[in-house]
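Peer 1: have a look; sequence and predicted model below, questions after that.
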Amino acid sequence: MKKLIVICALSVLCGRNVIPDVPKGAKIDKEVLTIIWQEAMKAKELYKQMKPSEREDLIDNLASSGPRDPFIVNVDVSSDLAAGDPSAKVYLSTSGQLYWDEASAAPIDLPGYENTWEAQIPNNGGESVAWYVSGEVDSEPLGFEYGRIIVSQSPFNENNTFPPLTSRYALLAIDETGDASSNQDITDLKGTYSDSDIFMSMGINGGCCDEGGFFGPWYLYGVAIVNPEAEDAVAYSIGYGDGGFGQLVPGLYKITGDIESGDVSGFELVTENLNISTAGNNMQAGINQDYIFGDADWGTWPNSFQGFIALGVTVEASLDGLDIAIDLKDQTSPGLMLPTTQFQEGNTDCILSNATFEDNTWSVDYMDEEGNLPWFKQFQICVADGPCYYFSDMLAIDHNYLDGTTISHTLPDVITDQGGEVLADGEYVAKIWFADGEVGDYQISEEILIINGQIADEDGGCTLQGDVNTDGNLNVLDVVLTVNNVLCLDGGDCYDFCGDMNQDGILNVLDVVLLVNAVLDN
């Protein structure tokens, strides 16, 4: 009689009907995974609705200086995210990723750098650096109620250690505490990666992890992983569970469904071949990337985001009469993890080439084999082997320093010194100084002639004042040309540097008289 009662109880627990060819507890699996899938699809929609330009420019054109003090990082942030009150941080390690210093980034807000943010972090002299960036934005302007969502690169778990060192994790989400019972109350979600695996850590307020009783309730601690650009409505969940008559087990689950109906159409336990740790207050899991990124339904990888969505959830399954009741206990906001880190060992100086002066603008081609930004990029006008009188930063046309970019500076109509005085006529040197590490000697210099506060180009300058036809002689031909320029019969711009004998910036009869006297004196 007692044996019969136990058999009947198990029949009730496994569903309304016990069908021999249906695994016991399969309903628990489906109901629990449906909740995870639904939350994952909401997160997918958040990122999917971003325009292609937002996706590609979410965090773009990452560049740093060479290892120096301070260490400087630039990142271009999509202007479309401005409504979400974006913020960004940069993390720097000179200790082999054991410790990280951080600094907030702020918009540069200068011409050519309208969408560029910059952070400066002290460097203790380390020549071997690792760094990554993390950004936050409000989800409400995008139509969701997740609060602040994080888009972050991550440290690199180079030795594939499990569990990874705490310093190898990047923060992907912070969750409010006290909104669930302590053993299901998520505090945060973190991630890291190696060449072969991805790793997730979900913090639990009261410690991890509650398995539940034999007759329930049962719990699943899962991290949903989604490709925001996957064509199919598919989610993957790395999770820990132990109960539900053997159905909730640690493993990687794959869940597919229909967005319109919200129904799950298929689910499977892909593999139990993963690392799981439930020690302390964290559920940590590591799994080979190929199980997810190599799956035919995952979608194009890498995608335009260069990353994937990660969402932490805790779910409770319990008996409800003859049915199964599912309760979403807690969840995090959907973070976007970008599995990349920047490293640099030492520094190679940047290379400048093709300095040109045209339309009152100096430009130079810049390239750096490490892709470093030129934190020091200055144009100067100096006396040869003497003081400098004019200084100005140069602006990059684009910020792709690895493949090369053109950087320029347009001079004012009249060049003045630091005191506002027009530069005296004479021979000067134009210097272009660039540095991606420590500042050294200027890399390009060209001799220039300044007349009336302007650079005299080949057509406007002269070695002999009054030699308008530049034949090396002062004679009547120069007088005739100057008279023609004074009359300016064609109505064009007839000003000529060499013919302006008194250098007052005006060509008139006084210049003709002075030139005639110079010819006679000659």
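Peer 2: It's in.

Peer 1: mind listing the helices for the chain?
Peer 2: Per DSSP state H, the chain carries helices over the ranges 2-13, 26-48, 52-57, 290-293, 476-487, 509-521.

Peer 1: and these as CSV, adding mean neighbour count?
Peer 2: C-betas here are computed from N, CA, C, even on glycine. As requested, these are exported to CSV (neighbours: other Cβ atoms under 10 Å):
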stretch, mean neighbour count
helix 2-13, 11
helix 26-48, 22
helix 52-57, 15
helix 290-293, 17
helix 476-487, 17
helix 509-521, 15
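
Peer 1: indicate which one of these is closest to I326.
Peer 2: Taking Cβ to Cβ, helix 26-48 is the member of the helices of the chain nearest to I326, at 4.3 Å.

Peer 1: can you show me the CA trace of that closest one as PDB?
Peer 2: Listed next in PDB are the C-alpha coordinates belonging to helix 26-48 (Å, rounded to 0.1, in the frame of the first residue of the first chain):
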ATOM      1  CA  ALA A  26      10.000  17.500 -19.100                       C
ATOM      2  CA  LYS A  27       7.200  19.900 -18.300                       C
ATOM      3  CA  ILE A  28       9.400  21.500 -15.600                       C
ATOM      4  CA  ASP A  29      12.200  21.900 -18.200                       C
ATOM      5  CA  LYS A  30       9.900  23.600 -20.700                       C
ATOM      6  CA  GLU A  31       8.200  25.900 -18.300                       C
ATOM      7  CA  VAL A  32      11.400  27.100 -16.700                       C
ATOM      8  CA  LEU A  33      13.200  27.500 -20.000                       C
ATOM      9  CA  THR A  34      10.200  29.400 -21.400                       C
ATOM     10  CA  ILE A  35      10.600  32.100 -18.800                       C
ATOM     11  CA  ILE A  36      14.300  32.400 -19.600                       C
ATOM     12  CA  TRP A  37      13.600  32.500 -23.400                       C
ATOM     13  CA  GLN A  38      10.900  35.200 -23.000                       C
ATOM     14  CA  GLU A  39      13.200  37.400 -21.000                       C
ATOM     15  CA  ALA A  40      16.000  36.800 -23.500                       C
ATOM     16  CA  MET A  41      13.800  37.800 -26.400                       C
ATOM     17  CA  LYS A  42      12.900  41.100 -24.600                       C
ATOM     18  CA  ALA A  43      16.500  41.900 -24.200                       C
ATOM     19  CA  LYS A  44      17.200  41.000 -27.900                       C
ATOM     20  CA  GLU A  45      14.500  43.400 -29.000                       C
ATOM     21  CA  LEU A  46      16.200  46.200 -27.000                       C
ATOM     22  CA  TYR A  47      19.400  45.900 -29.100                       C
ATOM     23  CA  LYS A  48      17.700  44.800 -32.300                       C
END
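
Peer 1: now that helix: how far from the chain's centre is it?
Peer 2: 29 Å (Cα atoms, centre = their mean, to the nearest Å).

Peer 1: elements contacting that helix?
Peer 2: Contacts defined by 3 or more Cβ pairs under 8 Å, 6 or more residues apart in numbering; DSSP states H and E place helix 26-48 against strand 218-226, strand 234-241, strand 251-258, strand 263-271, strand 308-320, strand 323-331.

Peer 1: returning to that earlier point: which among the helices of the chain is found nearest to Y389?
Peer 2: helix 509-521 (27.1 Å).

Peer 1: now the end-to-end length of stretch 98-117.
Peer 2: 26 Å (Cα to Cα, to the nearest Å).

Peer 1: what stretches of the stretch 101-250 of the chain score poorly on pLDDT?
Peer 2: 142, 244-245 (pLDDT under 70).

Peer 1: all strands for it, in order.
Peer 2: Here the stretch 101-250 of the chain has its strands, by DSSP state E, counting those that start in this stretch, at 101-104, 106-107, 116-121, 128-138, 148-153, 170-174, 186-193, 197-204, 218-226, 234-241.

Peer 1: which of these sits most buried?
Peer 2: strand 218-226 (a mean of 28; mean count of other Cβ atoms under 10 Å).

Peer 1: just the CA atoms of it, as PDB, please.
Peer 2: What follows is strand 218-226, C-alpha atoms only, in PDB (Å, rounded to 0.1, in the frame of the first residue of the first chain):
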ATOM      1  CA  TRP A 218      13.300  23.600  -7.500                       C
ATOM      2  CA  TYR A 219      15.500  26.400  -8.700                       C
ATOM      3  CA  LEU A 220      17.500  27.200 -11.800                       C
ATOM      4  CA  TYR A 221      20.300  29.900 -11.800                       C
ATOM      5  CA  GLY A 222      20.900  30.800 -15.400                       C
ATOM      6  CA  VAL A 223      22.700  33.200 -17.700                       C
ATOM      7  CA  ALA A 224      20.900  33.700 -21.000                       C
ATOM      8  CA  ILE A 225      23.200  34.400 -24.000                       C
ATOM      9  CA  VAL A 226      21.700  35.800 -27.200                       C
END
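
Peer 1: could you tell me how far that strand lies from the centre of the chain?
Peer 2: That offset, for strand 218-226, works out to 29 Å (Cα atoms, centre = their mean).

Peer 1: what angle do it and helix 26-48 make?
Peer 2: 30 degrees (axes from the mean of the first three to the mean of the last three Cα atoms, to 10 degrees).

Peer 1: still on that earlier bit, the strands of the stretch 101-250 of the chain: which one's closest to E447?
Peer 2: strand 116-121 (34.2 Å).

Peer 1: other residues contacting that closest one?
Peer 2: Residues from elsewhere that reach strand 116-121, judged by Cβ atoms under 8 Å, 6 or more residues apart in numbering: 61, 70-77, 88-90, 92, 101-108, 399.

Peer 1: quick one: strands adjacent to it?
Peer 2: Strand pairing for strand 116-121, using DSSP bridges, gives strand 71-77 (antiparallel), strand 106-107 (antiparallel).

Peer 1: so which of the ones you listed is the most surrounded?
Peer 2: strand 71-77 (a mean of 23).

Peer 1: tilt between that one and strand 148-153?
Peer 2: 120 degrees.

Peer 1: measure the residue of the chain most remote from its centre to D504 for me?
Peer 2: Most distant from the centre of the chain: L520, at 69.4 Å, with distances by Cα atoms, centre = their mean. Separation of L520 from D504 (Cβ to Cβ, to the nearest Å): 22 Å.

Peer 1: also K190?
Peer 2: Counting by Cβ to Cβ - K190 and D504 are separated by 71 Å.

Peer 1: same question for N288.
Peer 2: N288 is 79 Å from D504, by Cβ to Cβ.

Peer 1: show me how the protein divides into domains.
Peer 2: 21-57+77-101+123-342, 347-456, 476-521 (automatic domain parsing).

Peer 1: let's have the ones you listed in a markdown table, adding distance to S65.
Peer 2: Supplementary listing: the domains of the chain in a markdown table, determined by distance: least, Cβ to Cβ, whole Å:
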| stretch | distance to S65 |
| --- | --- |
| domain 21-57+77-101+123-342 | 9 |
| domain 347-456 | 5 |
| domain 476-521 | 41 |
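
Peer 1: for T470, find the nearest of the ones you listed.
Peer 2: Across the domains of the chain, closest to T470 is domain 476-521 (Cβ to Cβ), at 7.3 Å.

Peer 1: could I get the average pLDDT for that closest one?
Peer 2: The average pLDDT within domain 476-521 is 84.

Peer 1: next, the distance between the ends of that domain.
Peer 2: Domain 476-521 end-to-end distance (Cα to Cα) = 13 Å.

Peer 1: repeat that for stretch 173-190.
Peer 2: 7 Å.
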